[in-house]
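**Student:** for reference, the sequence and a predicted model appear below.
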Amino acid sequence: MVTSTPERARTPGADWRVGLSDDQLKELLYLLKLCRYFDERMEALYRQGRLPGAIYSGRGQEGTHVGVAYALRPEDSLFPTHRDLSAQLTKGLDLKRVMAQYWGRIDGYTRGRDGNSHVGDWFGHRTWTVMSHLPIAYPVACGAALAYKRRGEARVAMGICGDGATSNGRWHEALNVSAIHQLPVVWVVNNNQYAYSTPNPLEFRVPTIAERAAAYGMPGVRVDAQDVLEVYRVAREAVERAREGGGPTLIECVSLRWRGHAGHDPAKYVPKELLERYMREKDPVARFASLLIERGVVDEEEVKRVQERVENEFDEGYRFAQASPFPVPEDVTKGLFTDDGYWASEPSREGGTG
Amino acid sequence: MVTSTPERARTPGADWRVGLSDDQLKELLYLLKLCRYFDERMEALYRQGRLPGAIYSGRGQEGTHVGVAYALRPEDSLFPTHRDLSAQLTKGLDLKRVMAQYWGRIDGYTRGRDGNSHVGDWFGHRTWTVMSHLPIAYPVACGAALAYKRRGEARVAMGICGDGATSNGRWHEALNVSAIHQLPVVWVVNNNQYAYSTPNPLEFRVPTIAERAAAYGMPGVRVDAQDVLEVYRVAREAVERAREGGGPTLIECVSLRWRGHAGHDPAKYVPKELLERYMREKDPVARFASLLIERGVVDEEEVKRVQERVENEFDEGYRFAQASPFPVPEDVTKGLFTDDGYWASEPSREGGTG
Amino acid sequence: MAQTGVESAAAGHGAEPRGKRTEDGQATYLVAIAEALWEEMERDERVFLLGEDIGVYGGAFKVTEGFIERFGPERVMDTPIAEETIVGLALGAAMEGFRPVAEFQYADFMSSGFDEITTALARYHYRSGVPIPVVLRAPSGGGVRASSFHSFNPEPWFAHTPGLKVICPAFPSDAKGLLKSAIRDDNPCVFLEHKWIYRRIKEPVSEDPDFLVPIGIAKIQREGSDVTIVTYGMMVHQALEAAEDLEQKGISAEVVDLRTITPLDKDTILSSVAKTSRALVLYESHRFLGVGAEVGAMIAEEGFEHLDAPVVRLAPPNVPVPFSPVLEDAYLPQVADIEAAVEKLAAW
Amino acid sequence: MAQTGVESAAAGHGAEPRGKRTEDGQATYLVAIAEALWEEMERDERVFLLGEDIGVYGGAFKVTEGFIERFGPERVMDTPIAEETIVGLALGAAMEGFRPVAEFQYADFMSSGFDEITTALARYHYRSGVPIPVVLRAPSGGGVRASSFHSFNPEPWFAHTPGLKVICPAFPSDAKGLLKSAIRDDNPCVFLEHKWIYRRIKEPVSEDPDFLVPIGIAKIQREGSDVTIVTYGMMVHQALEAAEDLEQKGISAEVVDLRTITPLDKDTILSSVAKTSRALVLYESHRFLGVGAEVGAMIAEEGFEHLDAPVVRLAPPNVPVPFSPVLEDAYLPQVADIEAAVEKLAAW
Ligand SMILES: Cc1ncc(C[n+]2csc(CCOP(=O)(O)OP(=O)(O)O)c2C)c(N)n1
Ligand SMILES: Cc1ncc(C[n+]2csc(CCOP(=O)(O)OP(=O)(O)O)c2C)c(N)n1
Ligand SMILES: [Mg+2]
Ligand SMILES: [Mg+2]
């Protein structure tokens, strides 16, 4: 196992920007801000009772989500969980359609069949439509990676799951099979130190998750996810190794879940000091903005403009979602199988009670 | 991970008999011979079409089965698989009732409800009634061990499974949970190098199974199972550690499956030279008999007498099984729940069509 | 008994602490369940709880809030997300004399522990004679806008599996009495709590520590003479609402609440049908091979001579539970659907 | 068509290689299945096989013997004992354009991959629109003295699960034609082969590479006028044997072979019942909520006006499949039981 040393990349001589252009660095900033703002606003709407269903905040973990997903090419596939909406947004999902999903509208990616972060866009941005059962997409990521390998395509599948999901049998099966067949897959564990209320020591008895990679015969890396560039660097290395036939890698990104498991959870079980320290010292969004200012890539003005852009996009998405009709009730039985052609045709935009 | 060195125990100064008395050494010899003879005779009966159902030979792995089970006390529990009948016999199961089980008779431990090595005797010798699904008893062993820990009893649970079963998610879950809660459990993997026809390299990509123990935060030991004393020594160490509150251990016992997966399988996929070498050089039964003769614990005569005893017991068991009646057909629906008292009363010995 | 319509928004996601009885001594379904657990843990130290986030957090729905403070982390055991092993832990401990009660965070995740439930837990006794006093509790069912993975009704899978008793109470008293019976039962019981009911339904509930409701006995929740509605779980409440409306229209519906799916109380069902000659089987699990398939087939076989009309089934279609309120309402049988079906039957 | 009694001893445990067609061109059920796989792999390179021991070994029942030599280890992929992941591999590869056919060594072990089957595989399309051309093949059923863990009939679990097509052929031609249809279908299909039938039943089978049997259509295997026997799988053969005997006694039984459980061919069932006015539903899965529960309830609901007698069900009791021949024979419906049930129905 390797523990990545974030500061290394900043030492004189090393390329602090890990090969990224100014435009790319700015794109990362935009993504971090977008994900953060989306998360904050959606929670506010939830608290006001203006959002149906559930929300799963990824706040504090943007370094993980944006960093790993940014290492993927459009043709690579992503298999995330409930917590990883920011990774899906980084992969390119349309904010407007994501928001329509949250409000159960026909323009949501699932056409109203699912809500919140249980979203995906396979034929567009090649992301798995999230399912709750943990980590049910890990074995599926093996299957996609198998397809790439069989066809000799230079593509990679990435699976993300939480620390808690690593206790589940499927996690072991998927890592094991990916190693045996040297599949082009990258396994990301978003170790935010809690599975709902359950802390790491009740999930496993080893100091790190990354060291478990050895049990499968694959490299393991542990990275501090406050630093999006370091996460990106580590992920890119793993993605490129996989792409070149070097097999799977396990990456543990360490952060803290700033909010409760879901909207209703005040997360009193997280020690206050720990949370405050993370929010103060390890905010991946604030850190990255400071870094870019410090390095002269952007100035305060530009950061403000990014923030404005993000807010506008959110408002636009919100209006789009509210204007999108509900699905038609009669369609509830359609599209279970391909046979009725429901998904092959545009959905009806009339007749829903919205 | 530790790789045990069988020869170490034989070096001058070391206690070659690992603390066992002459009587105990002789008991081991008897058990090895019993298990071997039973295995051979049952296969012969199967080939003659005189045995219904299936058989799963454990030949060549007696060093594992006898060695680990001999390290348990009567009050410890054993959770074996289809391959591990010899471990159950070592734990004390009555050969006669085991044979009645093979022939579907009422005196079998399952009262005819299951056959072959899918046997167990919970209230007697504290062995799990084997189920096929791999490794379904591993999580159950955690539960038994949890009970011992909770009550402060100095008891241990032992789970056995094959190399192939380690690829299954349950294996990971059980090891992980046992480590988190430091349960008094010993995990034995009977690595006979094949899962049905599937060789180790298609099951995992690490050199050994024992080294996976590190991923759970428990000790791992790999032992050459040709040497029953060394297996016993390693198992006893693990059992005693567990008993004293030291938590779980993973033990990998390496041998080779001499016969096919089940009676019908000629196992052509096992390289002939490999098999021959194991049969010639690594026969745990023959080796142990030679050792005891060499060390003067028994002579050729006594070995012959043990063999005779074993053969007589088999014949007696055979006669017992054939004389045992079949269950009564009307009882097929009984004993699904405790409510009808079926298992609390002696079974009817009349009315079966046997 | 208070009750709100099925169309109200998500409430099952564990928003509030479970709370206590009301001042006049009524208990919600959730409180009744918590009381059953508490009393049985007080009564019998072999009883312990295990599951995800049930300790410090008190469970996703706060059923076990306050338990860890009273009983400690050994008897209120937080487990990793390893459902196969949660079941295995319960089974192994039961074999050694404990009486474990395992909580699944949602009944949906019982599929993640399916093999240990249907193979190990369910079949062990039949082959060994060892008593297996295990209860698996799980919040099931829809109507709370929780979509496909938090609304499932697994009872048909488990009712088809030999060796499990499957319990689906609709009222606080039944929930309490049946859960206490399940904990005292020497066999594996799947106890499905309905998350729509948790905080919606309350009633006076016995405080007798030995108050038990027997497993396997249905209950007539409302007497009637024209049509029998056989149902269970959340649908009991929709059926009662429909029956009330139907009364105005001069149709007298009898509501049979199964309470237990296996063993199924055929006698109560058949006597009711003998009286009314008409049966509507109403259920929330998917229509095809849902619980009502067994009930319908059973009536058609054993109550044929009583029937003056077809045995009609009303149930959700065979698709995953959808999220959008419009779709979920189209998916679940509504009170109006029940009334229409009963009217049609009555006019047969 | 050759056939031996249900009481004969174990034959399903993969004892012999699958062999070829007989000299006169007949194929056993097992050979017909192997041909379907082979032809579809020849026709479409996106089709590949995966499962435990299917490569070098040729599968526990030798269905894929000789395949790895022809198609190589990539298209005949041996997997570890990781059923959840076998299903996940198939699903992921299907999402990327392959058409995987996964073999379960026994249908019993589908419970070990249950979550990926019923959650991931079954529900993905409804929420995403992505076609999922996956076939899960598995040897199911009893009658071969293989006891509880090698005799299971999982079809009720999967038929209740929205999003799976469940296929249970009884004859070689149907097995071949339906398997080819399943492989060409863009949806997840659970294809349950009956291990008792594998080597027992043979018949002439089409060699046309485009010979397909449509999914979702039942077949009347024997015409009759007095009683309809609705059944599938191994029980079709018992029903036909019973029908033959009954003919001697002057009772004319019609045998409807469902072939597919979902989608269920209601029309064929109901037309037959309309003709005979009497239905016996015969099935091998446990009685309670087994396939016949749905069929019985459906007839009682939609064919009520045709019925002159109760819809009778004949099925094994709700206990695990026992090993001892005496017990297994008591467990499985026997030809004599079928005859008795039909006689009783005919005399109603
Ligand atoms: C198999 C399964 N069991 C239980 C749950 C309920 N559940 C949802 S999220 C969660 C905690 C997940 O923790 P972790 O994997 O660390 O992810 P995080 O939410 O922290 O990102 C649990 C227990 C589930 N989704 N799947
Ligand atoms: C979950 C599951 N899948 C498939 C099988 C079928 N099966 C029985 S034994 C076996 C091979 C087991 O190999 P291993 O674990 O190495 O044990 P061994 O037989 O070599 O002792 C397989 C695949 C099973 N019993 N359980
Ligand atoms: Mg977490
Ligand atoms: Mg092996």
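**Tutor:** Cool, got the structure. Residues are numbered from 1 along each chain as shown, chains lettered A, B, ... in the order given. Ligands and ions are numbered 1, 2, ... in the order given.
**Student:** determine the number of other residues adjacent to the closest residue to A:Gly63 other than its chain neighbours.
**Tutor:** Excluding its sequence neighbours, the residue lying closest to A:Gly63 (C-beta to C-beta, 6 or more residues apart in numbering or on different chains) is A:Pro284, at 3.2 Å. C-beta coordinates here come from the backbone N, C-alpha and C atoms, glycine included. Neighbours of A:Pro284 under the rule other C-beta atoms under 10 Å in any protein chain shown: 28.
**Student:** A:Pro284 reaches A:Arg59, doesn't it?
**Tutor:** No - using C-beta atoms under 8 Å, A:Pro284 is not in contact with A:Arg59; the gap is 9.9 Å.
**Student:** quick one, phi psi at the residue nearest to A:Gly63?
**Tutor:** phi -60, psi -30 (degrees, to the nearest 10).
**Student:** what sits against it?
**Tutor:** By C-beta atoms under 8 Å, 6 or more residues apart in numbering or on different chains, A:Pro284 lies in contact with A:32, A:60-63, A:66, A:225-228, A:255.
**Student:** ok, now how distant is it from ligand 1?
**Tutor:** 15 Å (C-beta to the nearest ligand atom, to the nearest Å).
**Student:** pLDDT score assigned to that residue?
**Tutor:** In this model, A:Pro284 is scored at 98, pLDDT.
**Student:** ok, it to A:Pro347 distance?
**Tutor:** 37 Å (C-beta to C-beta, to the nearest Å).
**Student:** likewise A:Asp265?
**Tutor:** 34 Å.
**Student:** do a quick rundown of the helices in chain A.
**Tutor:** A:22-47, A:62-70, A:85-91, A:95-102, A:122-125, A:137-151, A:169-180, A:228-243, A:272-281, A:284-294, A:300-323 (DSSP state H).
**Student:** tabulate those (a markdown table), appending distance to C:Glu155.
**Tutor:** Formatted as a markdown table, the helices of chain A follow (distance: least, C-beta to C-beta, whole Å):
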| stretch | distance to C:Glu155 |
| --- | --- |
| helix A:22-47 | 31 |
| helix A:62-70 | 38 |
| helix A:85-91 | 33 |
| helix A:95-102 | 30 |
| helix A:122-125 | 32 |
| helix A:137-151 | 27 |
| helix A:169-180 | 24 |
| helix A:228-243 | 43 |
| helix A:272-281 | 41 |
| helix A:284-294 | 45 |
| helix A:300-323 | 36 |
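**Student:** what is the burial count for the closest residue to A:Lys282 other than its chain neighbours?
**Tutor:** For A:Lys282, ignoring the flanking residues on the chain, the nearest one in space by C-beta to C-beta, 6+ apart is A:Gln226 at 3.9 Å. Other residues within reach of A:Gln226, judged by other C-beta under 10 Å, total 26.
**Student:** next up, the contacts around A:Gln226.
**Tutor:** A:Gln226 sits in contact with A:6, A:63, A:255, A:281-284, A:287, where contact means C-beta under 8 Å, 6+ apart.
**Student:** and these, which are buried?
**Tutor:** Neighbour-count burial (16 or more other C-beta atoms under 10 Å in any protein chain shown) is assigned, among these, to A:6, A:63, A:255, A:282-284, A:287.
**Student:** ligand 3: which of those is nearest?
**Tutor:** Distance to ligand 3 across the buried ones among the contacts of A:Gln226 (C-beta to the ion) is lowest for A:Ser255, with 9.3 Å.
**Student:** the residue lying closest to the closest one once chain neighbours are set aside: neighbouring residues, count only.
**Tutor:** Once flanking residues are discounted, A:Ser255 sits nearest to A:Ala225: 4.1 Å by C-beta to C-beta, 6+ apart. Per other C-beta under 10 Å, the neighbour tally for A:Ala225 reads 30.
**Student:** quick check: A:Ala225 vs A:Leu32, distance?
**Tutor:** Taking C-beta to C-beta, one finds A:Ala225 at 12 Å from A:Leu32.
**Student:** mutual contacts of the two, please.
**Tutor:** With C-beta under 8 Å, 6+ apart as the test, A:Ala225 and A:Leu32 both reach A:63, A:284.
**Student:** how about the closest residue to A:Val303 other than its chain neighbours, what does it touch?
**Tutor:** Spatial nearest neighbour of A:Val303, chain neighbours left out: A:Ala289 (5.3 Å); criterion: C-beta to C-beta, 6+ apart. For A:Ala289, the contacting residues are A:29, A:32-33, A:298, A:303, by C-beta under 8 Å, 6+ apart.
**Student:** helices of chain C, residue ranges please.
**Tutor:** C:29-43, C:67-75, C:83-95, C:114-115, C:122-128, C:155-160, C:172-184, C:234-248, C:266-276, C:291-302, C:325-331, C:335-346.
**Student:** mean neighbour count, the ones you listed: which tops it?
**Tutor:** Ranked by mean neighbour count under mean count of other C-beta atoms under 10 Å in any protein chain shown, the helices of chain C are led by helix C:83-95, which reaches a mean of 31.
**Student:** what packs against it?
**Tutor:** helix B:137-151, helix B:169-180, strand C:47-51, strand C:99-103 (3 or more C-beta pairs under 8 Å, 6 or more residues apart in numbering or on different chains; DSSP states H and E).
**Student:** was I right to think A:Thr3 contacts A:Arg222?
**Tutor:** Yes - applying C-beta under 8 Å, one finds A:Thr3 in contact with A:Arg222, separated by 4.7 Å.
**Student:** how far away is the residue nearest to A:Gly63 from A:Leu256?
**Tutor:** Taking C-beta to C-beta, one finds A:Pro284 at 11 Å from A:Leu256.
**Student:** please apply the same query to A:Glu281.
**Tutor:** From A:Glu281 to A:Leu256 the distance is 11 Å (C-beta to C-beta).
**Student:** do C:Gly129 as well
**Tutor:** 50 Å.
**Student:** check contacts around the residue in chain C positioned nearest to ligand 3.
**Tutor:** The minimum distance from chain C to ligand 3, using C-beta to the ion, falls at C:Ile81 (9.7 Å). Shown in contact with C:Ile81 (C-beta under 8 Å, 6+ apart): A:134, A:164-165, A:167-168, A:195, A:198, A:203, C:52.
**Student:** show me where pLDDT drops low in the chain?
**Tutor:** In the absence of a named chain, chain A is used. A:5-12, A:351-354 (pLDDT under 70).
**Student:** you answered for a different chain; I wanted chain C.
**Tutor:** C:1-18.
**Student:** domain assignment for it?
**Tutor:** C:5-204, C:219-346 (automatic domain parsing).
**Student:** residues from the stretch 151-300 of chain A in reach of chain D?
**Tutor:** For the stretch 151-300 of chain A, the contact set with chain D under C-beta under 8 Å from any C-beta of the partner chain comprises A:157, A:169-170, A:173-174, A:176-177, A:180.
**Student:** please indicate which of those residues are buried?
**Tutor:** Counted by 16+ other C-beta under 10 Å, those give A:157, A:169-170, A:173-174, A:176-177, A:180 as buried.
**Student:** and the residue nearest to A:Arg17 when sequence neighbours are not counted, what does it touch?
**Tutor:** Nearest residue to A:Arg17, sequence neighbours excluded (C-beta to C-beta, 6+ apart): A:Leu25, at 6.2 Å. Applying C-beta under 8 Å, 6+ apart to A:Leu25 gives the contacts A:17, A:292, A:297.
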